[in-house]
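1. Fold the stuff below for me.
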Amino acid sequence: MGFIEVFRKNRTKIWVGAVTALLVFYLVVSFQRSVLLLMDSNLTAKAIGAGYLVLPVIGAWAMIRELMFGARTEQMAKVLEAEGGLPVDDLPRTPGGRIVRAAADQEFEKYRAEAETAPDDWRSWFRLSCAYDAAGDRKRARASMRDAVRLFRGKVPV
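-> Presented below is the predicted three-dimensional model:
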């Protein structure tokens, strides 16, 4: 397998790695700047440094949370693929490559009914998330995938 094939196969992971590296660099610089401000004798600078210290903490938390979400999603996809349970991407597309909304809505109903019949099965929530994504509802797709992750980990969804 050549470099191009490896790149195409791992394109998303490469971009996630690059963005993560940039975010880590930003967090380190932010932390360093906040420490410098905290060491300043001026009280205003100390206050700004203390406030600025919150940014790297929140950024690190968000980054770790999203990386864990992605890793768990990939793990679940591998399990479903091994079981033959991944939804097939055979929906019709427009000439621009977008999924035809009516077809996605029709397919969505099948996965919604499956999730209602098996609310404790992470597989049904994973497939429902894919259906939401195909229908263009990213917010509900992430919420359904988070429910799938919780069930996969043996926790009850909120």
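2. helices or strands next to the helix or strand residue 139 falls within in the packing?
-> Under the criterion of DSSP states H and E, residue 139 resides in helix 138-152. For helix 138-152, the contact count by 3 or more C-beta pairs under 8 Å, 6 or more residues apart in numbering; DSSP states H and E identifies helix 43-83, helix 122-134 as packing neighbours. Where you see a C-beta, it was placed from the backbone N, CA and C, and this is true even at glycine.
3. starting at the chain centroid, how far to that helix?
-> Chain-centre distance of helix 138-152: 10 Å, with C-alpha atoms, centre = their mean, to the nearest Å.
4. one step back: can you list the helices and strands packed on helix 138-152 in TSV and add mean neighbour count and distance to residue 154?
-> Formatted as TSV, the entries for the helices and strands packed on helix 138-152 read as follows, by neighbours: other C-beta atoms under 10 Å; distance: least, C-beta to C-beta, whole Å:
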stretch	mean neighbour count	distance to residue 154
helix 43-83	13	12
helix 122-134	23	9
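5. Of those, which is nearest residue 94?
-> helix 122-134 (13.1 Å; C-beta to C-beta).
6. Identify the residues contacting that closest one?
-> When contacts are taken as C-beta atoms under 8 Å, 6 or more residues apart in numbering, the neighbours of helix 122-134 outside the stretch itself are 76-77, 80, 83, 85, 87, 91, 99, 104, 107-108, 110-112, 114-115, 117-118, 138, 140-142, 144-145, 147-149, 151-152, 157.
7. contacting residues around residue 54?
-> The contact partners of residue 54, taken as C-beta under 8 Å, 6+ apart, number zero.
8. Tell me how far it lies from residue 125.
-> Residue 54 sits 34 Å away from residue 125 when distances are taken as C-beta to C-beta, to the nearest Å.
9. thought residue 145 was touching residue 77?
-> No. Under the criterion of C-beta atoms under 8 Å, residue 145 is not in contact with residue 77, lying 10.3 Å apart.
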